[in-house]
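S.K.: structural data only, the sequence is not supplied:
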């Protein structure tokens, strides 16, 4: 999604693009479990089903590297909930999102 290679339907409003976005990206608390995601990336709907955990983590590392090394001039897509985000906000989101899921599995 962050690489603009997967279309994800929007589910946003003014509150999500402002206060919720700021809280999710900058408050020093872990993201809670159970936050609903968009169906296009939900593994129980249209998203990628889990396979081999070690292989999935390796693929995640490749994708995170691609996000982190993306050209500073690249155009970033709109986040489906947070709307327009800067490169730095996408970097912060990628870190927090990966951390959130890795904590779920004790990795």
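M.R.: Alright, I've got the coordinates. Note that the structure is a prediction, hence the values are computed from the model and not measured. Numbers count the residues shown, from 1 in each chain.

S.K.: give the contact list for the residue lying closest to residue 16 once chain neighbours are set aside.
M.R.: Once flanking residues are discounted, residue 16 sits nearest to residue 81: 5.0 Å by CB to CB, 6 or more residues apart in numbering. C-beta coordinates here come from the backbone N, C-alpha and C atoms, glycine included. Contacts for residue 81 (CB atoms under 8 Å, 6 or more residues apart in numbering) come out as 10-12, 16, 20-21.

S.K.: same thing but 7 Å
M.R.: 11-12, 16 (CB atoms under 7 Å, 6 or more residues apart in numbering).

S.K.: which of the residues you listed has the weakest pLDDT?
M.R.: Here the lowest pLDDT out of the contacts of residue 81 sits on residue 12, with 83.

S.K.: give me the number of residues near it?
M.R.: For residue 12, the neighbour count with other CB atoms under 10 Å is 15.

S.K.: is it in a helix, a strand, or coil?
M.R.: coil (DSSP: H, G, I helix; E, B strand; the rest coil).

S.K.: start the count at 39, not 1, going forward
M.R.: Sure thing, new numbering starts at 39, so read that last one as residue 50.

S.K.: where's it relative to residue 108, distance?
M.R.: 22 Å (CB to CB, to the nearest Å).

S.K.: coming back round to it: I'd like the contacts of residue 119 laid out as a markdown table, including distance to residue 64.
M.R.: Shown next, in a markdown table, are the contacts of residue 119 (distance: CB to CB, whole Å):
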| residue | distance to residue 64 |
| --- | --- |
| 49 | 21 |
| 50 | 18 |
| 54 | 15 |
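
S.K.: mind checking pLDDT for the residue nearest to residue 54?
M.R.: pLDDT, read off for residue 119, is 91.

S.K.: what do you get for the one 10 residues further on?
M.R.: Among the per-residue scores, residue 129 shows a pLDDT of 93.

S.K.: OK, contacts around the most far-flung residue of the chain relative to its centre?
M.R.: When distances to the mean C-alpha position of the chain are computed (CA atoms, centre = their mean), the maximum falls on residue 90, with 20.6 Å. For residue 90, no contacting residues are found, by CB under 7 Å, 6+ apart.
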